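In: Sequence first, predicted model second:
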Amino acid sequence: MNQTFGKEYKLCSKKTIEFLFEKKKTVKQFPFIATYGEIELPTKKSFQVVISAPKRIFRKAHDRNRIKRLMREVFRKKKLILEDFLLAEKRQIALFLVYTNKEEMKYTVLENKIELLFTKLVSELRKDKKIDKIVL
RNA sequence: AAAGCAAAUCAGCUGUCGCUGUUUCAAUUUAUUGGAAGAGAGGAAAGUCUGGGCAGUGCAGAGCACCGUGCUUCCUAACAGGAAGGAUGACAAUUUAAAGAUUGACGUACAGAAAGUGCCACAGAAAGGAAAACUACUCCCCGCAGUGACGGAGAGAAAAGGUGAAAAGGUGAGGUAAGAGCUCACCGUGUAAUUGGUGACAAUUACUGCAAGGUAAACCUUACGGACUGAAAGAUCAUGUAAACUGGGGUUUGUCUGUCAGCCGAAAGGUGUGAAGGCAUGUAGGGCGGCUCGCUCAACUCAGAGGGUAGAUCGAUUGAUCCCAGGAGUGAUUUUGGGACUAGAGAAAUGACAGCUAUUUAAUUCGCUUCGGUGAACUAAAGAUACAGAACCCGGCUUAUGAUUUGCUUUUACU
């Protein structure tokens, strides 16, 4: 199926990012930390994401570029896990993904890790919905 | 073969999946979907150290302060950049009795120290005062159990020793009690003239002298130059409202004009109440990079218009551009002709994976060998890797860097 990962998946709105960090719902799977939240987005895609490598750890610009490219690549390959779930449920989320390791890791390792992260995230989202129903 | 310098290039191909612009085709739901073609990081994109373009703010002008630069001529849009030249420094070689001279590659923040102020530690007798006598030197006088390589007092003397980064021109000769630019020769240094050079400066000649140092990346003086901010600059559009913006009226005092209205007069004219205009002037306030002189604005009111919102578009890539050829110039550079369009993102694209080719390392075999190595074949492993990612654009400087290719120079080996 579709593996494209274009501009529409990119989260740029400062307001949305502020909203994410107010809520502070996170899922951890080394070497990633994902902060997420449900919100209505100005796009037809089911999620938008910020991909980040901290400047504190990676001083050189080309190192940061390398990490972000790897993260974007594995995200693109594995995003269907998340996207299929969200499409089925007809929900939209915003996501802020941070790389926390101090060194570059191999592509195949990262591919497995992101898969684990997505499955965790999906189960968390299921729980959230149950809680919402109870409240309602 | 090695080293140095200069220049060029940052691999390519195939497959799968993607990213950002551009052009284009098709479909429909008319703003979306799908497809095709072609483009997509650097020599430093870095440091943000400099010079400009561009933009905004400010600006009558002058002085001071502040900052920068500092041999000459040239190049350039400009420069703290570059080219050519001059001077100078220590080093090496040659030469000389020595001082010095010549050559070479390298370095120089290379204006002024008789405008003034400050500083020059330690050592040393003396370190800036036309200075200084410690040892040793010379002369003269005195003393003595001692007649000395003795002791004391005076004078001369900066040549010798010692200290120091530096001791007051150097070397040789004369001279002298001993010495001293005291005198002479050569050299150095200062001043002046002449000649050569666009000039920095050089050469020659003459002369007074040689007691009067260094430090200005210490203050300072002098010549020249310099507004400040920075693309998150700034412009336009959508929404429809501020204290910022634009326009009108109003805004100190005096005096003049006699244009308009008013008043007096039959009129000529007068008056100077209001309006208008000209000139002069005062005070408190705002503005003019930090200060001074000086200049300039108007408080209030009415109307127009608009702010925020990391929104969209422009700014933004056709330019002091790049490539090739010819001409000018020692060169930096410039000029003529022809050709090219070569990233334009926006929390920031240019990628990931797999395979092959180059190459590197190791082992084996064969050839050559000065026995150090070296060339070829084959096998295995690694396998495009250094420094590093455009953020408005150019010129430079500095720093970081692995390879491959080409040219020049030097050294070594062989012919």
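Out: Right, received. Where do you want to start?
In: For chain A, give me the ranges with low pLDDT.
Out: A:1-2, A:12-15, A:18, A:22-24, A:40-44, A:129-136 (pLDDT under 70).
In: And the helices in it?
Out: Under the criterion DSSP state H, chain A contains helices at A:14-23, A:61-89, A:107-135.
In: Quick check: which of the ones you listed is buried the most?
Out: Neighbour counts (mean count of other C-beta atoms under 10 Å) averaged over each of the helices of chain A peak at helix A:61-89, with a mean of 16. All C-beta atoms are positioned from the backbone trio N, CA, C, and that covers glycine.
In: Quick check: residue A:66 vs RNA strand B, distance?
Out: As defined by C-beta to the nearest atom of the strand, to the nearest Å, residue A:66 lies at a distance of 6 Å from RNA strand B.
In: For residue A:110, which residues are in contact?
Out: If you count contacts by C-beta atoms under 8 Å, 6 or more residues apart in numbering, residue A:110 has them with A:31, A:70-71, A:74.
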